[in-house]
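K.L.:
got a predicted structure plus its sequence, pasted below:
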Amino acid sequence: NWLKNLFGVEDYKALNLEAEKIPAGSEGLIVQEHFQGNRTPYTDPISRGVIHGLTLKHQRAHLFRAVIEGVSFGSELILETMRNNGFKPDRIVIAGGATRSPLWLQIHADVSNLPLNYKSDPELKKDFWYQERVGFTTAQPKGGGDPINIMYHQDVRNPPTSAGLAWNKEPSKKWWEDPF
């Protein structure tokens, strides 16, 4: 809600539409989104966010897209840490408000190079909130099948788009090692 409040908009619809027109990389604007510290993989509650490369040509759409990209690369760092420790994720399952943004979904799929599985109606997640937290996955739905797939895996955002290809063409170059 920080950006929504900062820009004085009621919802993210206009910001998403504007940010879709901005190329991958937000024309040099980089956001490290540690605005409330960093929880993982480098636990540091004192870490603070950075907006780097801001110029007079950048508009709110650039900042909005750069924040999404920063969150996506932060998530990718977590996935890379998991991979380095023997866990090989083959998909990301998501729920909630972010599923309303095709841009958010696609950038995350592109950066992670993994499909994102989600329910197309984010409001449906509220119906399952309690069941998830009390072990819903141990119950069998009527007709059988995997309850998680029935709940969330109805829509998939697959990588990569041309932006994803651009981000993943230099796998040896890590954005967090020396972005400047």
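P.N.:
Perfect, thanks for sending it. All values derive from a computational prediction rather than experimental measurement.

K.L.:
for the protein, which segments count as helices?
P.N.:
Taking DSSP state H as the test, the helices found in the chain are 2-7, 13-19, 60-84, 102-112, 125-133, 147-152, 162-168.

K.L.:
now the weakest link among those, please, by mean pLDDT.
P.N.:
Least confident of those, judged by mean pLDDT, is helix 125-133 with a mean of 48.

K.L.:
quick check: buried residues in stretch 106-119?
P.N.:
The neighbour-count criterion (16 or more other Cβ atoms under 10 Å) identifies 106-119 as the buried residues of stretch 106-119. Quick note: C-beta positions are derived from backbone N, CA and C, even for glycine.

K.L.:
brain fart, stretch 14-21
P.N.:
15-16, 18-19.

K.L.:
output those as TSV; include the columns distance to S75.
P.N.:
As requested, those are exported to TSV (distance: Cβ to Cβ, whole Å):
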residue	distance to S75
L15	20
N16	18
E18	23
A19	18
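
K.L.:
ok, so of these, who is nearest I94?
P.N.:
For the buried residues of stretch 14-21, the minimum distance to I94 (Cβ to Cβ) is 16.0 Å, reached by N16.

K.L.:
for that closest one, give its distance to R100.
P.N.:
8 Å (Cβ to Cβ, to the nearest Å).

K.L.:
just L54 next, same as before
P.N.:
The gap separating L54 from R100 is 27 Å, by Cβ to Cβ.

K.L.:
between the two, which one's more packed in?
P.N.:
When L54 and R100 are compared for neighbours, R100 comes out ahead with 17 against 14, by other Cβ atoms under 10 Å.

K.L.:
which non-adjacent residue is nearest E18?
P.N.:
Residue nearest to E18 in three dimensions, not counting chain neighbours: A61, with 3.6 Å by Cβ to Cβ, 6 or more residues apart in numbering.

K.L.:
verify the stated contact: the one you found with I22.
P.N.:
Yes. Between A61 and I22 there is a contact at 5.2 Å, judged by Cβ atoms under 8 Å.

K.L.:
using PDB, write out every CA atom in stretch 82-99.
P.N.:
As requested, the backbone C-alpha atoms of stretch 82-99 are provided in PDB (Å, rounded to 0.1, in the frame of the first residue of the first chain):
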ATOM      1  CA  MET A  82      17.200 -23.000  -1.900                       C
ATOM      2  CA  ARG A  83      18.700 -24.500  -5.100                       C
ATOM      3  CA  ASN A  84      22.200 -24.200  -3.600                       C
ATOM      4  CA  ASN A  85      21.000 -26.200  -0.600                       C
ATOM      5  CA  GLY A  86      19.500 -29.100  -2.700                       C
ATOM      6  CA  PHE A  87      15.900 -28.000  -3.100                       C
ATOM      7  CA  LYS A  88      14.900 -27.700  -6.800                       C
ATOM      8  CA  PRO A  89      11.600 -25.800  -7.000                       C
ATOM      9  CA  ASP A  90       9.700 -26.500 -10.200                       C
ATOM     10  CA  ARG A  91       6.900 -23.900  -9.700                       C
ATOM     11  CA  ILE A  92       5.800 -21.100  -7.400                       C
ATOM     12  CA  VAL A  93       2.300 -21.200  -5.900                       C
ATOM     13  CA  ILE A  94       0.900 -17.800  -5.000                       C
ATOM     14  CA  ALA A  95      -2.300 -16.300  -3.700                       C
ATOM     15  CA  GLY A  96      -3.600 -12.900  -2.700                       C
ATOM     16  CA  GLY A  97      -3.800  -9.500  -4.200                       C
ATOM     17  CA  ALA A  98      -0.700  -9.800  -6.400                       C
ATOM     18  CA  THR A  99      -2.600 -12.300  -8.500                       C
END
